[in-house]
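Participant: Build me a model:
(chains A and B)
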Amino acid sequence: MNAPRSVNSDTWAVAGRTFSSRLIVGTGKYKSLEENAAAVEASGAEIVTVAVRRVNISDPSQPMLTDFIDPKKVTYLPNTAGCFTADDAIRTLRLAREAGGWNLVKLEVLGEAKTLYPDMRETLKATEVLVKEGFEPMVYCVDDPIAAKQLEEAGAVAIMPLGAPIGSGLGIQNRVTIRLIVEGAGVPVLVDAGVGTASDAAQAMELGCDGVLMNTAIAEAKDPVLMARAMKAAVEAGRLAYLAGRMQKRRYADPSSPLAGLI
Amino acid sequence: MAGRISIAAMLSELGLDPGKVAVERNLEIVPRSTLHDVSVEDGDAFEIVHFVGGG
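Facilitator: Numbering: from 1, shown residues only, chains lettered A, B, ... in the order given. This is a model prediction of the structure:
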């Protein structure tokens, strides 16, 4: 994707929806809904991922996410976390579409509990079905440029490769393949999963990604609201550095002060 | 459930806001616009879901 000239109007668009914030945050693992809402606010995120789960009919009066994070102000992106087959993910998203009333969703189909690595065969199958049914799936995937291309051809509206396993906080393990995916993609690319701290998010943006999606890095920080602020700043800094175009690396020193006039 | 009631009525009896949940009846989505029209039948299996925090 071409870098825009004006940094001030640096927005990005997915499936025809335009956003200013390039940070998408999850809403899991927080100590309370209050803390969750405060972290979302501090992150500046305009999109949050949410899960679809059974209602608790024994206590229908317990507080709901929608009471703390207003779906009219923040775009809810329903996610299929916890689904291990295409059929389960499709079923979950059909329900999500009915609950929320929109087609923009996040698809993830996991291969195993230990690594939570995506099952790309099932992911591709689910993408094809969802697109046929009118969904606009943003798709979590392996950091493989060929798999990314296949998802785009199947109709994924965004490609979301992992930086490292979900919840690991290991940072981006393969910058080369993330960059290859960015260069090959005609749809937005967002690093999803693996970010542990601010520099990881900045690195994703410096590689030319359109955005970053994270949950645990903020929710499990000692001070989640402060980390949300850090991530906002990191995503913006990384984006600006990408637009600015970094200097070439050299193997040896190059003095910053002029040699002429040296006493 | 006594007598024939709609799914919307069933949700209300359970204390749920039909505007905030999605309902699957015997593995088929029940469109929200029809919750008032579809009756609950003997032996129906329901899934009632909503949005919760997640990654």
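
Participant: out of everything not next to it in sequence, what's closest to residue A:237?
Facilitator: Spatial nearest neighbour of residue A:237, excluding adjacent residues (C-beta to C-beta, 6 or more residues apart in numbering or on different chains): residue A:202 at 5.3 Å. For glycine as for every other residue, the C-beta is placed from the backbone atoms N, C-alpha and C.

Participant: For chain B, see how far away that neighbour is.
Facilitator: Using C-beta to the nearest C-beta, to the nearest Å, residue A:202 is found at 21 Å from chain B.

Participant: Quick check: that residue touching residue A:235?
Facilitator: Yes. Residue A:202 lies in contact with residue A:235 (C-beta atoms under 8 Å); the separation is 7.2 Å.

Participant: any idea how far residue A:210 is from the residue nearest to residue A:237?
Facilitator: 14 Å (C-beta to C-beta, to the nearest Å).

Participant: on that earlier part again, next SSE downstream of the helix or strand the residue nearest to residue A:237 falls within?
Facilitator: Mapping residue A:202 onto the secondary structure by DSSP states H and E places it in helix A:198-206. Going down the chain from helix A:198-206, the next helix or strand is strand A:211-214, by DSSP H and E.

Participant: Which parts of chain B are strands?
Facilitator: B:22-25, B:28-30, B:46-53 (DSSP state E).

Participant: neighbouring contacts of the shortest one?
Facilitator: Pointing back at strand B:28-30 there. Contacts of strand B:28-30 with the rest of the structure, by C-beta atoms under 8 Å, 6 or more residues apart in numbering or on different chains, involve A:94-95, A:98, B:7, B:22-24, B:38.

Participant: Which elements pack onto the helix holding residue A:202?
Facilitator: strand A:211-214, helix A:224-244 (3 or more C-beta pairs under 8 Å, 6 or more residues apart in numbering or on different chains; DSSP states H and E).

Participant: Go ahead and produce PDB holding the CA coordinates of it.
Facilitator: The C-alpha trace of helix A:198-206 is given here as PDB (Å, rounded to 0.1, in the frame of the first residue of the first chain):
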ATOM      1  CA  ALA A 198       5.500  -1.000  23.000                       C
ATOM      2  CA  SER A 199       8.600  -1.600  20.900                       C
ATOM      3  CA  ASP A 200       7.000  -4.700  19.300                       C
ATOM      4  CA  ALA A 201       4.000  -2.600  18.200                       C
ATOM      5  CA  ALA A 202       6.300   0.100  16.800                       C
ATOM      6  CA  GLN A 203       8.200  -2.600  14.900                       C
ATOM      7  CA  ALA A 204       5.100  -3.900  13.300                       C
ATOM      8  CA  MET A 205       4.200  -0.400  12.100                       C
ATOM      9  CA  GLU A 206       7.800   0.200  10.900                       C
END
